[in-house]
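In: predicted model follows, preceded by the sequence.
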Amino acid sequence: MKVFHKANDIHAWLQSEHHTRSIGFVPTMGALHAGHLSLIDRSKAEKDLTVCSIFVNPTQFNDPNDLAKYPRTLADDTDKLLQHGCDVLFLPTEEEIYPDPSVKDRSYDLAGLDKRWEGANRPGHFQGVCMVVHRLLEIIPTDSLYLGQKDFQQFLILRHMVREILQWSVQVVPCPIVREDDGLAMSSRNVRLSEQERLDSLVLHRALQYIQQHAGQQPLHKLLQAAKSIITTAGSVQKLDYLAIVNAADLSPVEAYKDAPTLLAIVAAHFPSARLIDNQVIKGQLAEW
Ligand code: AMP
């Protein structure tokens, strides 16, 4: 695996490789788990060269405490990437990503996709995500960008940025959520949970499954009420930021099952040690997106 630290070096090397080889790119913030590695595997299966970046991007953290506590496990991450046959690892410093202030001055019109849910709860978060991925895509010539469906709103926003704002011909590929055996969606932040919080965290997946199993049989507001009570029975849930059923095309809330071809149930909740998000398709499919 080739490791680069400098934007100019990786750019020059990949540009010359790109004449003859297709490139898949997986941007991450490290603390890699099986969810991240599933994106590497997908890229490996579809592209000639797979590039992973690890950069804990300060501009997407609205909570300085969350940034300070973000896990950093580079040696372990490198081993995992080697085991999965990742070809290139990019480990930039902040100066390489934000060499001059103009990169941080960029702002993106996200057509309202950033106004709800994660956007409403984490001011500035998606502008920071767009900033870093835009800059990474300038550095790394990419045919396909592999993103996790776990961060579905992020996927929709980055697809919008690539297609509508930049109008680049990068394919943006959503990859299924990888879960622990008991159903918890894998996340780098899960390691922070205490034993009790880890047990209680299962209510998120349970609530989403409840909605999925009963969707189409009961009015959606009743389903949401019942699912909400599943979540609030867990002692360590401090605050439920949202639990909603939305149109997967634009994340607008729907009132009835028939209102959109693809529906998603989405949830975000605060535990004392971490804020967790999850989602599940409850009608239709994302496969063809
Ligand atoms: P992060 O390091 O949290 O920025 O995540 C990097 C990429 O991995 C993003 O595209 C995430 O959506 C994706 N990802 C994170 N967790 C999972 C998971 N449990 N299953 C699938 N993809 C994931």
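Out: Done, it's in. Numbering: from 1, shown residues only.

In: what does the stretch 51-200 of the chain put close to the ligand?
Out: Residues of the stretch 51-200 of the chain found near the ligand (C-beta under 6 Å from any ligand atom) are 147-148, 150-151, 175, 177-178, 185-188. All C-beta spots, glycine's among them, are computed from the backbone N, C-alpha and C.

In: ok, 8 Å please
Out: Residues of the stretch 51-200 of the chain that fall close to the ligand, judged by C-beta under 8 Å from any ligand atom: 146-151, 154-155, 175-179, 185-188.

In: what is the burial count for residue 91?
Out: By the criterion of other C-beta atoms under 10 Å, residue 91 has 18 neighbours.

In: distance of it from residue 68?
Out: 20 Å (C-beta to C-beta, to the nearest Å).

In: residues near the residue nearest to residue 188 when sequence neighbours are not counted, how many?
Out: Nearest residue to residue 188, sequence neighbours excluded (C-beta to C-beta, 6 or more residues apart in numbering): residue 31, at 3.7 Å. Residue 31 sits with 20 neighbouring residues when counted by other C-beta under 10 Å.

In: and residue 31, what is it in contact with?
Out: Contacts of residue 31 were listed using C-beta atoms under 8 Å, 6 or more residues apart in numbering, and they are 70-73, 77, 188, 191.

In: drop anything exposed from those.
Out: Buried members of these, scored by 16 or more other C-beta atoms under 10 Å, are 70, 73, 77, 188.

In: excluding chain neighbours, give the residue nearest to the second one in space.
Out: Put plainly, it is residue 73. Per C-beta to C-beta, 6+ apart, closest to residue 73 is residue 31, 5.2 Å.

In: can I take it that that neighbour is in a helix?
Out: No - counting by DSSP: H, G, I helix; E, B strand; the rest coil, residue 31 is not part of a helix but coil.

In: just the C-alphas of stretch 271-286, formatted as CSV.
Out: Extracted C-alpha coordinates of stretch 271-286, given in CSV (Å, rounded to 0.1, in the frame of the first residue of the first chain):
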residue,chain,number,x,y,z
PHE,A,271,-26.4,9.1,24.9
PRO,A,272,-24.2,10.5,27.6
SER,A,273,-21.0,9.5,25.8
ALA,A,274,-22.0,9.8,22.1
ARG,A,275,-24.7,10.9,19.7
LEU,A,276,-25.8,8.1,17.5
ILE,A,277,-27.7,8.0,14.1
ASP,A,278,-29.2,5.2,12.2
ASN,A,279,-31.7,4.7,9.3
GLN,A,280,-33.6,1.9,7.5
VAL,A,281,-35.4,1.7,4.2
ILE,A,282,-39.1,0.9,5.0
LYS,A,283,-40.4,0.9,1.5
GLY,A,284,-38.8,0.6,-1.9
GLN,A,285,-35.1,0.1,-2.5
LEU,A,286,-31.9,2.2,-2.7
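
In: tell me how far it lies from the chain's centre.
Out: Distance, stretch centre to chain centre, for stretch 271-286: 11 Å (C-alpha atoms, centre = their mean, to the nearest Å).

In: just the strands from the stretch 151-289 of the chain, written as ranges.
Out: In the stretch 151-289 of the chain, the segments counted as strands under DSSP state E, counting those that start in this stretch are 171-175, 239-247, 263-270, 275-283.
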